[in-house]
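K.L.:
pasting the sequence and the predicted coordinates here, then a few questions.
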Amino acid sequence: MFLLFRSLQMEFPIFTKMNLSINLSQNEKIYFLSDLHLGAPDYNRSFEREQRIIQFLKSIEEEAQAVFFVGDTFDFWFEYQLAVPKYFVRFFAQLIQLKEKGIEVYMFTGNHDLWLNNYLQQELGVTIFHERVMLQSGNHSIFVAHGDGLGPGDLKYKILKKIFTNPACIWMFRWLHPDIGIRIAQLWSRHSFTDPATEVFQGEEKEWLIQYCKRKLEEQHFDYFIMGHRHLPMKISLNEKSTYINLGDWLIHNSYAVFDGTKMNLLEWK
């Protein structure tokens, strides 16, 4: 039994924070977007969103040095030993095009695509992050994380995340036929889905991620905190030198952040 669990732990990544440095070339930028939820809520609406995202990525090819997908890129993703979910071929082709142009592509796991492992990294050259990243660009320090499970509250999800990321649970789920496993995940997603149109700003005291950032600042300074998960574009000054940005989503807002080496802007793509 001990050897079984050791082998399972070696197969799946250990969730740790990491440091990353990007020195921007002249006139180049770093882009951040989150919560694309490709695959939801149905094929037609996901396909339309996928086309829109591809158009956006094409529009930034000439000035992007790096693109960060900060979690929930997919509404569900699971890598079986010899199979992955179908769809998203056009999106993957665009990621390959970005890589061929020398643009680095980074992708975080979110609460909907926790089970990203090494397929995209091997096939597309996408770097996968399973936990927060401390990004240094020039003189600017940037904290990047999807945001799920951070801050006070949300105890139910924090317990579920422990279960969903447990190597033994992942191993058992793999024994389901992909058609069954993916259908179960789709039903779960629809059951837990919250309409982004109903998301409203709760006030700084009730926004868990803002509270998390404020506490983090007591330990270490960051010029920017970049997160997703909330599906609501926000730009909040935490103090005179630090700013919290929530990236919103691409279900409704088509929002993203862009860093030009000097400042971070939160924008919506029309």
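P.N.:
Good, I have the coordinates. Keep in mind that what you see is a predicted model, and the values were worked out from it rather than measured. Residues are numbered from 1 along each chain as shown.

K.L.:
for residue 138, grab phi and psi.
P.N.:
Residue 138 adopts backbone torsions of phi 60, psi -130, taken as degrees, to the nearest 10.

K.L.:
go ahead and confirm it touches residue 23.
P.N.:
Yes: judged on Cβ atoms under 8 Å, residue 138 makes contact with residue 23 at a distance of 6.8 Å. Every C-beta, even on glycine, is put in place using the N, C-alpha and C of the backbone.

K.L.:
overlap in contacts of these two?
P.N.:
Counting by Cβ atoms under 8 Å, 6 or more residues apart in numbering, no residue touches both residue 138 and residue 23.

K.L.:
check contacts around the residue nearest the centre of the chain.
P.N.:
Most central in the chain under Cα atoms, centre = their mean is residue 71, positioned 1.3 Å from the mean C-alpha point. Contacts for residue 71 (Cβ under 8 Å, 6+ apart) come out as 34-35, 108-111, 113, 145-148, 228-229.

K.L.:
show only the entries of these found in strands.
P.N.:
Among the contacts of residue 71, DSSP state E puts 108, 145 in strands.

K.L.:
mind putting the contacts of residue 71 into CSV with distance to residue 128?
P.N.:
Listed next are these as CSV, based on distance: Cβ to Cβ, whole Å:
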residue, distance to residue 128
34, 15
35, 17
108, 8
109, 7
110, 12
111, 15
113, 10
145, 14
146, 12
147, 17
148, 16
228, 16
229, 17
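
K.L.:
nearest to residue 244 among the contacts of residue 71?
P.N.:
Nearest to residue 244 among the contacts of residue 71, counting by Cβ to Cβ, is residue 147 at 10.3 Å.

K.L.:
what's the spacing between that closest one and residue 213?
P.N.:
10 Å (Cβ to Cβ, to the nearest Å).

K.L.:
and for residue 48?
P.N.:
For residue 48, the distance to residue 213 - Cβ to Cβ - is 34 Å.

K.L.:
of these two, which one has the most company?
P.N.:
Neighbour totals were compared for residue 48 and residue 213, and residue 213 leads with 25 against 10 (other Cβ atoms under 10 Å).

K.L.:
excluding chain neighbours, give the residue nearest to residue 63 in space.
P.N.:
The shortest distance from residue 63 to any non-neighbouring residue, by Cβ to Cβ, 6 or more residues apart in numbering, is to residue 29 (5.4 Å).

K.L.:
can I assume the one you found is in contact with residue 260?
P.N.:
Yes: using Cβ under 8 Å, residue 29 makes contact with residue 260 at a distance of 5.0 Å.

K.L.:
looking at those two, which is more packed in?
P.N.:
Legend: neighbour count by other Cβ under 10 Å for residue 29 and residue 260, higher for residue 29 (17 against 14).
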